[in-house]
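*Asks:* Build me a model:
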Amino acid sequence: MDKNTVGGYSRRSFLKTGAAAAAGFMILPRHVLGGNGFLAPSDRINLGYIGTGKQVYTLLRNIGKVPETMVVAACDVDRKKLAKFVGEATQLNATKASHAVESYGDYRELLARADIDAVVVATPDHWHALNVIDAAKSGKDIYCEKPLALTIEEGRAMVDAVKKYKRVLQTGSMQRSQYNFRQAAELVRNGYIGEVQEINVSVGEPVKQCDLPTMPTPDYLDWNMWIGPSLYRGYHPILSPPIEDNKWAWWRGYRGFGGGYITDWGAHMFDIVQWALDMDNSGPVSFVPPAQPGAEEGLYFTYANGVRVNHKAWGRPNAIQFIGTEGKIEVSRGFLDTDPVGLTQQQLKASDKRLYHSDNHYQDWVDAIKKRSKPVADVEIGHRTASVCNAINIAYELQQPLKWNPRKEVFDNPYANMMKGRPYRNGWDYLGR
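*Replies:* Numbers count the residues shown, from 1 in each chain. From the prediction side, this is the model:
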């Protein structure tokens, strides 16, 4: 099939059809869509999964626990991974009500289905923008894995599309639905450690150029489609490991596909920094990389209020250290340590500022779909956090200080501004969607 054709008609045609319906789109009863044995709209949300690699099983299990969800379709360019997912999703469906899971090799065919209410995007980062923008135009609500966007410009385009078509998007920044991080952020927001002076974030290295040799492509993998909008390079199993290896794919580490640990773990940890500092609709104003070429840590960025955030290994991996004038907070998924000690279980006062409270990231998404409201990590939040991560990578690569205007989303450096986007292969650009 031609990559610009879906189900016998063009991408433009099917997206126009989706756009026409999007403004008034609601979760419809199955009988409206021609099905039998339908449930009420509030009881059933039909899901399509786009991308069926290793991360998807965490999503399948957790979203599957939300009783009103049902998996009806899945898409991947790796036929073995797709078949495994379909088998497990079918077993999950059997615990609720028997429902077949259809397979697709092109996500646009999945989006063309009128009976799909929402999609879960778990593709490599270089696919997120196209998946999300096309899903929004097709009238689907979206759960998109973090980091939301591979580039700053893609992130803003995703925000624009989600808002234009009135979709609900939850970014996979699930730490916002965990006690440790919400407690830490609320303590910081309300001055329980005094005025924040400095923040240390320990995540791994920035992105790098892909230097992997080309190897023979497996016959079950559509490599051209895996590359999609990115500049073409040959197959290597580190980028897309065979299902038998059960490895985390390290496309994450290479430019054009991911953003290194800066976006992989950074999208979690810098996200909590943004939350704690009340910067979900803004961001830092400057980025200063270390002077030595090839450095993998040592960059710092500052906010307009003077708070400095250091990217460095401060002693505890994948964790954040908030240092205030009256105390300290160290937080990760495995610990919440405070000085003074009693802050770990501190009950906030009635007069304190409270943050969005979610104990289940996936239920929160489904509830937002039903209420047509913003979830705890909506599209603007996801974009702003991804922008911080992407700006860090840009500063490391250019090896020079950058000023950033978070309102206009521009740097003071023309080369940095060119790096807000990326080149696309013919036919794949998100522009014009």
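
*Asks:* Please identify the buried residues of stretch 165-174?
*Replies:* Across stretch 165-174, burial judged by 16 or more other C-beta atoms under 10 Å covers Tyr165, Arg167, Val168, Leu169, Gln170, Thr171, Gly172, Ser173, Met174. Every C-beta, even on glycine, is put in place using the N, C-alpha and C of the backbone.

*Asks:* Just give me the closest of those residues to Leu187.
*Replies:* Checking those against Leu187 by C-beta to C-beta gives Ser173 as the nearest, at 19.1 Å.

*Asks:* And the pLDDT for Asn426?
*Replies:* pLDDT recorded at Asn426 is 89.

*Asks:* what about it, which SS state?
*Replies:* Here Asn426 takes the coil state, with states given by DSSP: H, G, I helix; E, B strand; the rest coil.

*Asks:* what's the answer for Val119, then?
*Replies:* Going by three-state DSSP: Val119 is strand.

*Asks:* what do you get for Leu355?
*Replies:* Leu355 - assigned by three-state DSSP - is coil.

*Asks:* and it, what does it touch?
*Replies:* Arg182, Ala185, Glu186, Arg189, Trp275 (C-beta atoms under 8 Å, 6 or more residues apart in numbering).

*Asks:* Would you check how far apart it and Asn390 are?
*Replies:* 25 Å (C-beta to C-beta, to the nearest Å).

*Asks:* Selecting buried members of the contacts of Leu355 in ChimeraX, what would you type?
*Replies:* Provided next is the ChimeraX selection string for whichever of the contacts of Leu355 are buried by 16+ other C-beta under 10 Å:
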select :182,185,186,189,275
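
*Asks:* which one of the contacts of Leu355 is nearest Glu326?
*Replies:* Nearest member of the contacts of Leu355 to Glu326, counting by C-beta to C-beta, is Arg189, at 14.4 Å.

*Asks:* Contact partners for the closest one?
*Replies:* Arg189 touches Ala276, Asp278, Asp352, Lys353, Leu355, counting by C-beta under 8 Å, 6+ apart.

*Asks:* Which other helices and strands does the longest helix seen in the chain contact?
*Replies:* Longest helix of the chain, by residue count under DSSP state H: helix 379-398. On a contact count with 3 or more C-beta pairs under 8 Å, 6 or more residues apart in numbering; DSSP states H and E, helix 379-398 meets helix 152-164, strand 169-171, helix 260-264, helix 266-276, strand 286-288, strand 300-302, strand 402-405, helix 414-418.

*Asks:* got the contact list for the third one?
*Replies:* Taking contacts as C-beta under 8 Å, 6+ apart, the residues outside helix 260-264 that touch it are 125, 147, 203-208, 252-253, 258, 311, 386, 389-390, 392-393, 396.

*Asks:* got the buried residues for the longest helix of the chain?
*Replies:* For helix 379-398, by 16+ other C-beta under 10 Å, it's 379-398.

*Asks:* Please apply the same query to stretch 394-411.
*Replies:* In stretch 394-411, counting by 16+ other C-beta under 10 Å, buried: Ile394, Ala395, Tyr396, Glu397, Leu398, Leu402, Trp404, Pro406, Glu409, Phe411.

*Asks:* so what's the last one scoring on pLDDT?
*Replies:* You'll see Phe411 listed with a pLDDT of 98.

*Asks:* Backbone dihedrals for it, please?
*Replies:* phi -90, psi 170 (degrees, to the nearest 10).

*Asks:* Among the helices and strands packed on helix 379-398, which comes closest to Ile116?
*Replies:* Judging those by C-beta to C-beta, what sits closest to Ile116 is strand 169-171, at 15.3 Å.

*Asks:* any idea of the mean pLDDT for that closest one?
*Replies:* pLDDT averaged over strand 169-171 gives 99.

*Asks:* continuing past it, what's the next helix or strand?
*Replies:* helix 179-189 (DSSP states H and E).

*Asks:* which residues in the stretch 201-350 of the chain form strands?
*Replies:* 286-288, 300-302, 308-311, 319-324, 327-331, 336-339 (DSSP state E, counting those that start in this stretch).

*Asks:* quick one on the thing from earlier: name the stretch among the helices and strands packed on helix 379-398 that sits most buried.
*Replies:* Ranked by mean neighbour count under mean count of other C-beta atoms under 10 Å, the helices and strands packed on helix 379-398 are led by strand 169-171, which reaches a mean of 30.

*Asks:* which residue is nearest the middle of the protein?
*Replies:* When the chain is reduced to its mean C-alpha position, the closest residue under C-alpha atoms, centre = their mean turns out to be Lys146, at 2.2 Å.

*Asks:* Next up, the contacts around it.
*Replies:* Thr171, Gly172, Ser173, Ala267, His268, Asp271, Gly382, Thr385, Ala386.

*Asks:* list the contacts for Leu47?
*Replies:* Ile63, Thr69, Met70, Val71, Val72, Ala73, Ile116, Asp117, Ala118, Val119, Val120 are the contacts of Leu47 under C-beta under 8 Å, 6+ apart.

*Asks:* tell me which element it falls in.
*Replies:* Going by DSSP H and E, Leu47 is part of strand 45-50.

*Asks:* on that earlier part again, can you classify the residue nearest to the centre of the chain by secondary structure?
*Replies:* coil.

*Asks:* pLDDT on stretch 145-156, on average?
*Replies:* Stretch 145-156 comes out at a mean pLDDT of 98.

*Asks:* May I have the distance across that stretch, first residue to last?
*Replies:* Stretch 145-156 has an end-to-end distance of 16 Å (criterion: C-alpha to C-alpha, to the nearest Å).

*Asks:* from here on, count from 22
*Replies:* That works, and once the first residue is 22, the last one we named lands at stretch 166-177.

*Asks:* so where's the chain shaky on pLDDT?
*Replies:* 22-63, 452-454 (pLDDT under 70).

*Asks:* The closest residue to Arg428 other than its chain neighbours and Ile137: what is the separation?
*Replies:* Nearest non-adjacent residue to Arg428, counting by C-beta to C-beta, 6 or more residues apart in numbering: Ser303, 7.3 Å away. Distance of Ser303 to Ile137, computed by C-beta to C-beta: 35 Å.
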